[in-house]
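In: The sequence and its predicted three-dimensional model are supplied below.
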Amino acid sequence: MPIPTEPIGSIPRPPELVEAVRDVQAGRRAAEALDALYAAALEDTIRRFEETGSPVITDGEQTKPSFATYPVHGLQTLAADGIVVPFADGHTRQLPRLTTGPFYYQTHADAFIRAARGYTRLPVKQAVISASLLSLLYPQDGIKGYTREQFIADLAREAVADIRGCLDAGAHKVQIDFTEARLSVKLDPSRGLLQQFVDLNNRVLESFSAAERNRLGVHTCPGGDWDATHSADVDYAKLLPALFSLNAGSFYVQLASEKDRRRVLGLIRDHLRPGQTAFVGVTDPIASRVETPEEVRDRVLEAAEFIPVAQLGTTDDCGFAPFGDDMSTSRDTAFAKIRSRVEGTKLAEKVLGL
């Protein structure tokens, strides 16, 4: 049985698309001017994904303005002054703030999977944002006439619909991006916030059957934006026990960029439950150097010392451009790293006799 290998999601957008989006935002172009560029970027991304030999691909999130806020992009009930997330290099990203209820998604991710499947016959996975991250849109001082409990009920319903729509549209896997998990430990060392996040995400996951949950996965990383992270200094020992309590079948864990991979692999071994698959990161998207297939092979073999091969998969540490304006990594570099991941995983399979 081969070792499964999957991407996380995002691929850097073509420079001309990034520039055109900026022009639209600045009022220098009409929004309709983006349609042809989006279509070209999507088709090119899928073609190049296929050329890497990847058995599972994504749409590269070419048409998402942000992996985090795509469901609420353009929603009229938001203000811009939400929670600020600082990164290690000093730059920040800011979430919007909900101003009134009821809460609903402006965009559901099934639209992305349906568009991507029109260009390929390969299995396509779809990344969706976690309910826990979107829970941060609700202001701490509340909203008059719309309680937090009402908001959470609306949010959970929309998150379930987002995932189910992707499954119904034929997604090979649906990956819940839970990148705020590690950050939550930094914000609240007591891990109370982390447990709230886990409970909310499990509330969403409980709406699916056991067979459906086998097609659902959860991604964790310390953030990866403009070659910087927001929570790489948080010990995985404070996160992984809670992470693997989520009722999902697959877990995509950033590992290649960890300083002590063997220690983290031991933690994964200790907390991975029967029936769960750990996809370990074997390439680092924010490192400029492209890993060789042989380096990937050795990282897979290292992981196989700790994790049963039947529960082992490989992935990239995180997406290559989670926000639409991130151009810190080139498309060529991203696809070269993906090719190395695919080829290196195959080399490891040969060594393991699979």
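Out: Arrived safely.
In: ok, which stretches of the stretch 101-250 of the chain are helices?
Out: 110-117, 131-134, 148-168, 180-187, 192-205, 210-213, 240-243 (DSSP state H, counting those that start in this stretch).
In: what about the helices in the stretch 251-354 of the chain?
Out: Along the stretch 251-354 of the chain, the segments classed as helices by DSSP H, counting those that start in this stretch run 261-271, 293-304, 331-352.
In: As a markdown table, these with mean pLDDT would be great.
Out: Output for the helices of the stretch 251-354 of the chain, formatted as a markdown table (pLDDT from 0 to 100):
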| stretch | mean pLDDT |
| --- | --- |
| helix 261-271 | 97 |
| helix 293-304 | 98 |
| helix 331-352 | 97 |
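In: could I get those helices as CSV with distance to Pro222 and mean neighbour count?
Out: Where C-beta positions appear, they are placed from N, C-alpha and C, glycine not excepted. Converted to CSV, the helices of the stretch 251-354 of the chain look like this (distance: least, CB to CB, whole Å; neighbours: other CB atoms under 10 Å):
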stretch, distance to Pro222, mean neighbour count
helix 261-271, 12, 17
helix 293-304, 18, 20
helix 331-352, 18, 20
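In: of those helices, which approaches Pro14 most closely?
Out: Among the helices of the stretch 251-354 of the chain, helix 331-352 comes nearest to Pro14, with 6.9 Å by CB to CB.
In: so the closest one versus helix 293-304, what angle?
Out: Orientation note: helix 331-352 sits at an angle of 50 degrees relative to helix 293-304 (axes from the mean of the first three to the mean of the last three CA atoms, to 10 degrees).
In: residues in contact with helix 331-352?
Out: Residues from elsewhere that reach helix 331-352, judged by CB atoms under 8 Å, 6 or more residues apart in numbering: 2-3, 5, 7, 11-12, 14, 48-49, 51-55, 282-283, 285, 288, 290-297, 299-301, 304, 309, 314-316, 320-321.
In: Return the distance of it from the chain's centre.
Out: Remark: helix 331-352 is offset 19 Å from the chain centroid, using CA atoms, centre = their mean, to the nearest Å.
In: now swap in stretch 178-189 and tell me
Out: Here stretch 178-189 is found 15 Å from its chain centre; the criterion is CA atoms, centre = their mean.
In: Could you list the residues in contact with that stretch?
Out: The contact list for stretch 178-189 (CB under 8 Å, 6+ apart) reads 85, 130, 132-133, 136, 191, 193-194, 197-198, 201, 218-223, 230-231, 233-234, 236, 238-239, 242-243, 246, 318, 322.
In: Need the CA coordinates for that stretch. PDB is fine.
Out: What follows is stretch 178-189, C-alpha atoms only, in PDB (Å, rounded to 0.1, in the frame of the first residue of the first chain):
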ATOM      1  CA  PHE A 178      -6.800  25.100  11.800                       C
ATOM      2  CA  THR A 179      -3.700  27.300  11.800                       C
ATOM      3  CA  GLU A 180      -4.900  29.400  14.700                       C
ATOM      4  CA  ALA A 181      -4.600  26.300  17.000                       C
ATOM      5  CA  ARG A 182      -0.900  26.900  17.800                       C
ATOM      6  CA  LEU A 183      -1.400  30.600  18.000                       C
ATOM      7  CA  SER A 184      -4.200  30.100  20.600                       C
ATOM      8  CA  VAL A 185      -1.700  28.600  23.000                       C
ATOM      9  CA  LYS A 186       0.500  31.700  22.600                       C
ATOM     10  CA  LEU A 187      -2.500  33.900  23.300                       C
ATOM     11  CA  ASP A 188      -3.700  31.800  26.200                       C
ATOM     12  CA  PRO A 189      -1.100  29.600  27.800                       C
END
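In: buried ones in it?
Out: For stretch 178-189, a neighbour-count test (16 or more other CB atoms under 10 Å) marks Phe178, Thr179, Glu180, Ala181, Arg182, Leu183, Ser184, Val185, Lys186 as buried.
In: Quick one, which of the contacts of helix 331-352 are buried?
Out: Judged by 16+ other CB under 10 Å, buried ones among those: 3, 5, 7, 11-12, 14, 48-49, 52, 54, 282-283, 285, 290-291, 293, 295-297, 299-300, 304, 309, 314-316, 320-321.
In: Please narrow the residues you listed to those residing in strands.
Out: With DSSP state E as the criterion, strands contain Val282, Thr283, Thr314, Thr315, Asp316 from among those.
In: tell me how far the ends of stretch 247-263 are from each other?
Out: Distance across stretch 247-263, first residue to last, is 24 Å (CA to CA, to the nearest Å).
In: residues of it that come out buried?
Out: By 16+ other CB under 10 Å, the buried positions in stretch 247-263 come out as 247-258, 261.
In: Closest one of those residues to Gly275?
Out: Each of the buried residues of stretch 247-263 was scored against Gly275 by CB to CB, and Gly249 proved nearest at 6.9 Å.
In: Now the closest one. Nearest residue, chain neighbours left out?
Out: Nearest residue to Gly249, sequence neighbours excluded (CB to CB, 6 or more residues apart in numbering): Asn214, at 4.1 Å.
In: Was I right to think that neighbour contacts Gln276?
Out: No. Counting by CB atoms under 8 Å, Asn214 sits too far from Gln276 to count as a contact (9.6 Å).
In: neighbour-wise, which of those two wins?
Out: Gln276 (19 against 16; other CB atoms under 10 Å).
In: quick one, what contacts the more buried one?
Out: By CB under 8 Å, 6+ apart, the residues touching Gln276 are Phe244, Ala248, Gly249, Ser250, Phe251, Gln311.
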